[in-house]
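Enquirer: Got a predicted structure here, sequence first:
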Amino acid sequence: MSGLEARAILEAELRRELFGPLGDEPTGKPVDCTGGTITFANAEESRGQFHDAATKEEILTIGTPLSRYGIGVLYSGGAVGGTTIGPTGATEGNDVDLTGVPGVATSEDDPDGPPVEIKGLLRHDEADSDDFDLTDANSFKPSAMAMSFQCRVPVGGALRIRVSGAHYEKLIVHIPGVSKPVDWWRRRPFTLIGSVSGSVLRDETYQLKIVPTEPEGDAPGITPTTRVFSRPVPGVDDPELRLVTVAVVNNVTGTGPSSALFQMGFTVTAEGLVIEPYPDVELPDRDDEEQSIDLLYRNKRTYAIGHGCAAEWSGGAGSPVPFVTAVALPAYEVASLTPNVYRTDDQGNYLLDAEGQQQAITVSMKELADGTDEGKQQVETVLRLYGEWIAARTSEIDDLPERFRPAAARHMKLAGDALKRMQEGWALVGSDPTATRAFRWANEAMLYQQVRSNFPLREVERGRDAVLRVKGNHPRPDIPTGRGTWRPFQIAFILASLPELVDPTRKTRSFVDLIFFPTGGGKTEAYLGACSISLLARRLRNPDDAGTDTLMRYTLRLLTAQQFLRAASLVCVLEDIRDSNEDSLGPSPFGIGIWLGGSSTPNSWKKAVDVLGKLRRNPHEQNLFLLLRCPWCGAQMGTKPKGRGGQDVIGYEQAGQKVILRCVDSQCRYSRRAGLPIHVVDEDIYAVRPSIVIGTVDKFAMMAWRPEARNLFGFNPRGEREVSPPNLIIQDELHLISGPLGSMVGLYEPVIDELCTDHRGEAPIPPKIIASTATIRRYEDQIKGLFGREDVALFPPHGLEEGRSFFAEPARLPSGELEPGRRYLGIMSASLGSTQTVQTRVAAATLQGATKLPEDNRDGYWTNLNFLNSLRELGNTVSLLESDVPDYLTGLVRRDGIDPRWPNRTMELTSRRRSDEIPKAIEQLQVRYMPGQERQDAIDICLASNIIEVGVDIDRLGLMTIVGQPKTTAQYIQVSGRVGRRADVSPGLVITIYGAAKPRDRSHYERFRTYHQQLYAQVEPTSVTPFATPVLRRALHAAAVAYVRQVSPKDLPPYPFPAHEFDDAIELLRERAPNRRQE
């Protein structure tokens, strides 16, 4: 079975549990329901599941339909008089005045009173005629659902409305041994067909018309009322254009399951009419970014909006659609993007290899490292194809509507500028000896970094002689298939940024390069390649210029630790290259340091020695040394339990009053006395000045307290420049540097920028800045506020359509069809009473649904990764897993006779876990479902907070539940991007549970299709205001002191006050905020 089929089965199980039958094969045994009574001969016959022998429809034997289903339910609403709608408010935006809809409050029965503005179609009892509270309007037990769309209504034609649903009839069941009859419920589906003529839509404006409907097949016992409301489009003088709202209302008198409707939905089809894109809000002045978004998403328009439900449609691409559908359980599949570029023929068809796979265009690191003609040809192929792509897209601009052409021309100019930078970089590689050698060695370093960081962990065991030995043979750095290649966008970015890295005096040095690429595309490899060139070029310019060259900054300690381990392999390879080329690269070793808070790493040698001793004695002591494997050979490091208490500490050795990291494999080049070139103690980092320093952004605030930090910027104890400052600043996950954190970081940034600027030459040389993100808006404003740089180069530049930039395209199968993407499923139920109830049912359905899959397909969907927006919600979910979910599963055993899968293996992945526990937790998540084994070690449910937003790359995960709409769209994209990495094996299924009482959640649910088809356009602009008055009051003094502390003599006494240096600091900050009034 394919992964796509497995996902469909899991989704179907979820729909059956929450929504109702899907119309497939009947479940259970047939039983004769004639006369509405069933009599069994004995109690044994009554056990199990049943369906109606005549209709094949389900029979609920336990509970009522209202206790079984909570989505797609319309409760009875009673009849309310008055159907005339006045124009007041109808032209005010997109809200609908539907006075007279049963189940919706009106202004009493006064036909002359003002209409009630509603923003939903749920039952309520009271409303203020001037304003309507959303929470009350969308309260418990909805009795109506509606959908609005824009329609062009020429003379003739009609809208055809098809309403589908079901109601449940009570069956009286007699079971021997049971004192009184038992109630069962038989499903009775129905379909109603109605039509509204174009003349009614055009002429009877602001009239809420009842649409006559006829049953398709047998007449149902109860029927909903269908109504339509038509009005002109606000601000449009076109008599044919109408905003139309269709509402389906359950106005049956009565209460209880027999008067409710289930599995409700309806479809509106245009017959002789045209359903056009829903009108957007037209802003008078749209800036360049908004114009770009309009261009990129011009083929992904909104065609309908739900009220109390969601809306879906097919087709579109900017053109009219034939029909729109109101659904209770919306789904949308976001196409997967691939960073691969494939060879095609003249017709655009893929060229396939002997195995029937697309021929990807790659660039071999080995060929570039060796400087072969093959490597040169590969690079030139990428540049040539990109140039041809730009020419082809440019020729399409004239075919676009006039309003899109300025943005399209701007995009192509930026693409041309990027190509020019790539070509300049490639020309420099061929002509400049420093660039040539730095480029070739960087390729060699990245090649063997890929190989060595993927060596399997080689465990250490204690032999009978009590000596620790590494299992297995020392690995050889052979290049496996699929490794050692650059994706086109990676090598293109490296070439574009190379001139400024090799020649710091270039005018474009001040440009900020922003890598904007989807999660999982390879951004880290791209900027690590640039980092390698920067380190090597610095040593080639001056072999004695040893000092910190690159600052890598992150916001989350999980991401920081992960990238540290990844970059450690690169530094080990670079050091090996330096050791073999000491004449060119100098005698000082390359190294890497991690600069974190005291809860993550030792901040002093004294603490390091103390932690080492505690690790040997106490198995529960936190490991602050972080390194768990040798980055060169894969040998185990860290702790290992031993008999009679205590534990072995592997790879951490005390040397006097210091602790060094040394591989225990005697064949490893880093088992020598000096050990690994890796530094985790602050005092060590200040003394050694590692080539790369990785830290969290908040750690840089320590500059105000630690004068020793000056060493990282090349200053000696007297405050004089001794070596070059850092050449490169890498800011990963730029979108996280926003809000209060971004503003505080932005206030320290002028100080860091100045400390990293070299003033020894004729002109100051600022640091090169590279940032990366997968989700961002208003990036120019953010970078200006954060770094004070005016020029930003987005890479890769946009094309003419979202997801198509030559370097990134929708992933396709060899046949040309789209690969399975990440499928989002939206769940909102006011009927079930609380979000916790929905969570319980979703958890139970996904737990059991995975057991319905063939064993070979279970792994990706066996672990349900849950994302919670707060630790409070996470705590509530822990309680659900301990109590409510097992109780619900027990009910399923009784109801369906299933073999329950209990949530026995659950885990938490949050900031509450210690730093050394997080890598172990990620290892647990990587444990796979093993077919054929009775006992499984794979995690059942993982509860996570925003710690998983970045840095959790586990390709086996295919299932996620998001509880509540995350705070930002960027977070939603990043979090949901943790699953579905292997689309060919387990394409992602993301279940989003919306809170019915939360207006923001409801809005996302009702516009589910619009939101998900334009995800990246929905990203909220980030805000960075470092010179706002509250920020200045809070941290201006600290930023100024940080500067004074670093440039003054190390032993500067508190008195006299260093007025001159302090004035310099204030002037430095004032220059970054030139428009602020001097105070």
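Expert: Cool, the structure landed.

Enquirer: Pull out the buried residues from stretch 763-772.
Expert: 765-772 (16 or more other C-beta atoms under 10 Å). Using the backbone N, CA and C atoms, a C-beta is placed for each residue, glycine as well.

Enquirer: One more: stretch 52-68?
Expert: For stretch 52-68, by 16+ other C-beta under 10 Å, it's 52, 57-61, 64-66, 68.

Enquirer: Repeat that for stretch 339-352.
Expert: 339-342, 350.

Enquirer: out of those, who's nearest Ile948?
Expert: Set against Ile948, the nearest of these by C-beta to C-beta is Pro339 (22.1 Å).

Enquirer: any low-confidence regions in this structure?
Expert: Where the chain drops to pLDDT under 70, the residues are 78-139, 282-284, 316, 318, 557-562, 643-645, 1074-1079.

Enquirer: Where do the domain boundaries of it fall?
Expert: 96-167+189-327, 822-1018 (automatic domain parsing).

Enquirer: Output these as TSV; include the columns mean neighbour count.
Expert: Shown next, in TSV, are the domains of the chain (neighbours: other C-beta atoms under 10 Å):
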stretch	mean neighbour count
domain 96-167+189-327	19
domain 822-1018	20
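
Enquirer: Now distance to Val182 too, for these, in CSV please.
Expert: Supplementary listing: the domains of the chain in CSV, determined by distance: least, C-beta to C-beta, whole Å:
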stretch, distance to Val182
domain 96-167+189-327, 15
domain 822-1018, 14
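
Enquirer: which one of these lies closest to Asp373?
Expert: domain 822-1018 (34.6 Å).

Enquirer: first to last residue in that closest one, what's the distance?
Expert: By C-alpha to C-alpha, to the nearest Å, the extent of domain 822-1018 from end to end equals 17 Å.

Enquirer: Repeat that for stretch 325-340.
Expert: Across stretch 325-340, the terminal residues are separated by 36 Å (C-alpha to C-alpha).

Enquirer: from here on, count from 54
Expert: Yes, from this point I'll number from 54; that puts the last item at stretch 378-393.

Enquirer: Off-centre distance for that stretch?
Expert: Stretch 378-393 has its C-alpha centroid displaced from the chain centroid by 14 Å (C-alpha atoms, centre = their mean, to the nearest Å).

Enquirer: which one is Gln102 nearest to, not counting chain neighbours?
Expert: Gly81 (2.9 Å; C-beta to C-beta, 6 or more residues apart in numbering).

Enquirer: quick one: contacts for that neighbour?
Expert: By C-beta atoms under 8 Å, 6 or more residues apart in numbering, the residues touching Gly81 are 101-104, 111-112.

Enquirer: before we move on, back to that, and the buried residues of stretch 105-121, which two are the farthest apart?
Expert: Asp105 and Leu119 (19.7 Å).

Enquirer: Can you give me the buried ones in the lengthiest helix in the chain?
Expert: Counting residues, the longest helix found in the chain (DSSP state H) is helix 458-484. Applying a neighbour-count criterion of 16+ other C-beta under 10 Å, the buried positions in helix 458-484 are 460-461, 463-465, 467-469, 471-472, 474-479, 481-482.

Enquirer: Check which helices and strands that helix is in contact with.
Expert: Applying 3 or more C-beta pairs under 8 Å, 6 or more residues apart in numbering; DSSP states H and E, one finds that helix 458-484 contacts helix 341-349, helix 426-449, helix 486-506, helix 541-555, strand 845-848.

Enquirer: Output the ones you listed in a markdown table; the columns should cover distance to Pro242.
Expert: What follows is the helices and strands packed on helix 458-484, written out as a markdown table (distance: least, C-beta to C-beta, whole Å):
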| stretch | distance to Pro242 |
| --- | --- |
| helix 341-349 | 42 |
| helix 426-449 | 48 |
| helix 486-506 | 57 |
| helix 541-555 | 51 |
| strand 845-848 | 52 |
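
Enquirer: which of those sits most buried?
Expert: Across those, the average number of neighbours (mean count of other C-beta atoms under 10 Å) peaks for helix 541-555, which reaches a mean of 26.

Enquirer: Could you tell me the end-to-end distance of stretch 1051-1064?
Expert: First residue to last in stretch 1051-1064 (C-alpha to C-alpha) measures 17 Å.

Enquirer: so what's Cys995 bridging to?
Expert: Per DSSP bridges, the residues bridged to Cys995 are Leu918, Met960.

Enquirer: For Leu962, see how far away it is.
Expert: 6 Å (C-beta to C-beta, to the nearest Å).

Enquirer: rewinding a little: can you flag which of the buried residues of stretch 392-405 belong to strands?
Expert: Assigned to strands by DSSP state E, the following of the buried residues of stretch 392-405 qualify: 394-395.

Enquirer: could the buried residues of stretch 392-405 be laid out in JSON lines, adding distance to Pro330?
Expert: Converted to JSON lines, the buried residues of stretch 392-405 look like this (distance: C-beta to C-beta, whole Å):
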{"residue": "Pro392", "distance to Pro330": "31"}
{"residue": "Asn393", "distance to Pro330": "33"}
{"residue": "Val394", "distance to Pro330": "32"}
{"residue": "Tyr395", "distance to Pro330": "32"}
{"residue": "Tyr403", "distance to Pro330": "32"}
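
Enquirer: now, which of the buried residues of stretch 392-405 sits nearest His1057?
Expert: Distances from His1057 to the buried residues of stretch 392-405, taken by C-beta to C-beta, are shortest for Pro392, at 28.8 Å.

Enquirer: what touches both of Cys995 and Leu962?
Expert: Leu978.

Enquirer: by contact count, what packs against the host helix or strand of Val662?
Expert: Val662 is part of helix 658-670, with elements assigned from DSSP states H and E. Other helices and strands packing on helix 658-670, by 3+ C-beta pairs under 8 Å, 6+ apart, are strand 700-703, strand 705-708, strand 711-714.

Enquirer: how close does Lys560 get to Ala1112?
Expert: Distance from Lys560 to Ala1112, by C-beta to C-beta: 36 Å.

Enquirer: follow-up on the earlier one: can you dump the C-alpha atoms of the helix holding Val662 in PDB for me?
Expert: Coordinates of each C-alpha in helix 658-670 appear next as PDB, following Å, rounded to 0.1, in the frame of the first residue of the first chain:
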ATOM      1  CA  TRP A 658      36.400  26.000  34.500                       C
ATOM      2  CA  LYS A 659      35.500  25.500  38.200                       C
ATOM      3  CA  LYS A 660      31.900  24.600  37.300                       C
ATOM      4  CA  ALA A 661      33.100  22.300  34.500                       C
ATOM      5  CA  VAL A 662      35.300  20.300  36.900                       C
ATOM      6  CA  ASP A 663      32.400  20.200  39.400                       C
ATOM      7  CA  VAL A 664      29.900  19.000  36.800                       C
ATOM      8  CA  LEU A 665      32.300  16.300  35.600                       C
ATOM      9  CA  GLY A 666      32.700  15.000  39.100                       C
ATOM     10  CA  LYS A 667      28.900  14.900  39.600                       C
ATOM     11  CA  LEU A 668      28.400  13.200  36.300                       C
ATOM     12  CA  ARG A 669      30.600  10.300  37.500                       C
ATOM     13  CA  ARG A 670      28.700   9.900  40.800                       C
END
